[in-house]
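Q: No letters, just coordinates:
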């Protein structure tokens, strides 16, 4: 024993020990004997030294610190595994999809996804998750916990990964390109939603009017329209909108920004949708027909104005003589007559 000779060999794995008592303790590991229990949590261990290391966890002792990032660990093997992350070493590969992991435990967790194992259920909504960590993050969503805040705009997120994706919008990284139209996106999920538009997939239907939408995010403001919720108000004229996007488009009218030009006549418009309606005029598409006289119109709004004429609706009244007219444009022309008469009387 004093000369360092190792005469005690394990019959199971062949490991050799100097002392017989060490071999005995080692054999208990093979036999699954766990006589050393933690008095804090009850977890049992084969060897006393393992219990001692475990007790360091309860005491918060972390003596093994990473020289790269400063993260500390209870055990040296854990630090060693962590260092592989910095080195980019991924020796544990999934035999199903080929994804590689730094640690075996990461691969084991990943394999549960392929197996469809979801043992962690949310107590609020019943949604199940493969990993307990994912379930905990999900629970934060229910309780509105958002600990990851953007330093640039202040927007907060439940998960760090969501903040990371959000930061790409600020620096303009768009690695996900649409194979149909070439439009690029910051996030893979945004591209996926965009592709649904090309495929005309509309799974989100309004329970009130039956109108269907590609994105769930578009259905929500549409429902607000039914109940008259308009939270987005123009600071210039006070007009309110259901959606922020509609307000932004409206603000371009005030700014006089007209980026959408007609390729036929050169007329420019503030909005793409207005240009689209204008183009119908050039190709003489008139899908809006009057039920009274059969006259057709390019724009739905033009038909609406035309119908007011049939029903005698005159909402535009002259402030000078009180005469009411069907259209605003007609009223403008009518006021010019008053101006001409005024100028004639004054001798101008």
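A: Structure's in. What do you need? Values in this document were obtained by computation on a predicted structure and should not be read as measured data.
Q: How is residue 117 assigned, secondary-structure-wise?
A: Under DSSP: H, G, I helix; E, B strand; the rest coil, the three-state class of residue 117 is coil.
Q: Show the contacting residues for it.
A: Each residue near residue 117 by Cβ atoms under 8 Å, 6 or more residues apart in numbering is listed here: residue 130. Bear in mind the C-beta positions are built from the backbone N, C-alpha and C, glycine included.
Q: show me the contacts for residue 145.
A: If you count contacts by Cβ under 8 Å, 6+ apart, then residue 145 has residue 158 around it.
Q: one more time with 10 Å, if that's ok
A: Counting by Cβ atoms under 10 Å, 6 or more residues apart in numbering, residue 145 makes contact with 137, 139, 156, 158.
Q: starting at the chain centroid, how far to the host helix or strand of residue 30?
A: Counting by DSSP states H and E, the element that carries residue 30 is helix 20-31. Averaging C-alpha positions (Cα atoms, centre = their mean, to the nearest Å) puts helix 20-31 54 Å from its chain's average.
Q: Report the strands that pair with the following helix or strand past that helix, each with its relative direction.
A: Next helix or strand after helix 20-31 toward the C-terminus (DSSP H and E): strand 36-37. If you go by DSSP bridges, strand 36-37 pairs up with strand 44-45 (antiparallel).
Q: circling back to that earlier point, mind listing what's buried in the helix holding residue 30?
A: Judged by neighbour count (16 or more other Cβ atoms under 10 Å), helix 20-31 contains these buried residues: 23, 25, 26, 27, 28, 29.
Q: follow-up on the earlier one: will you turn the contacts of residue 145 into CSV that also has distance to residue 83?
A: Output for the contacts of residue 145, formatted as CSV (distance: Cβ to Cβ, whole Å):
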residue, distance to residue 83
137, 26
139, 32
156, 32
158, 29
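Q: Can I get the buried ones among those residues as something I can paste into PyMOL?
A: Paste this into PyMOL to select the buried members of the contacts of residue 145, with burial taken from 16+ other Cβ under 10 Å:
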select buried, resi 137+139+158
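Q: quick check, nearest of the contacts of residue 145 to residue 255?
A: Proximity of those to residue 255 (Cβ to Cβ) peaks at residue 156, which lies at 30.4 Å.
Q: what about the closest one, distance to residue 135?
A: 21 Å (Cβ to Cβ, to the nearest Å).
Q: of all the contacts of residue 145, which two lie farthest apart?
A: The distance between the two most remote of those (Cβ to Cβ) is 16.4 Å, for 139 and 156.
Q: hang on, the earlier thing: outside of the helix holding residue 30 itself, list whatever touches it.
A: By Cβ under 10 Å, 6+ apart, helix 20-31 touches 1, 6-13, 15-17, 19, 33-36, 45-50.
Q: which ones among those are found in helices?
A: Counting by DSSP state H, those place 48, 49, 50 in helices.
Q: are any of those buried, and which?
A: Using 16+ other Cβ under 10 Å, no member of those is buried.
Q: what ranges do the strands span in the stretch 151-300 of the chain?
A: 156-157, 176-177, 184-185, 204-205, 212-213, 232-233, 240-241, 260-261, 268-269, 288-289, 296-297 (DSSP state E, counting those that start in this stretch).
Q: about what we covered before: just put the contacts of residue 145 in TSV and tack on pLDDT and distance to residue 247.
A: TSV is the format used below for these (pLDDT from 0 to 100; distance: Cβ to Cβ, whole Å):
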residue	pLDDT	distance to residue 247
137	80	33
139	81	34
156	87	23
158	81	27
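Q: Enumerate the beta-bridge partners assigned to residue 261.
A: Taking DSSP bridges as the rule, residue 261 bridges to residue 268.
Q: per-residue confidence at it?
A: Note on residue 261: pLDDT of 86.
Q: next one: the one 5 residues further on
A: The predicted structure scores residue 266 at 87 on the pLDDT scale.
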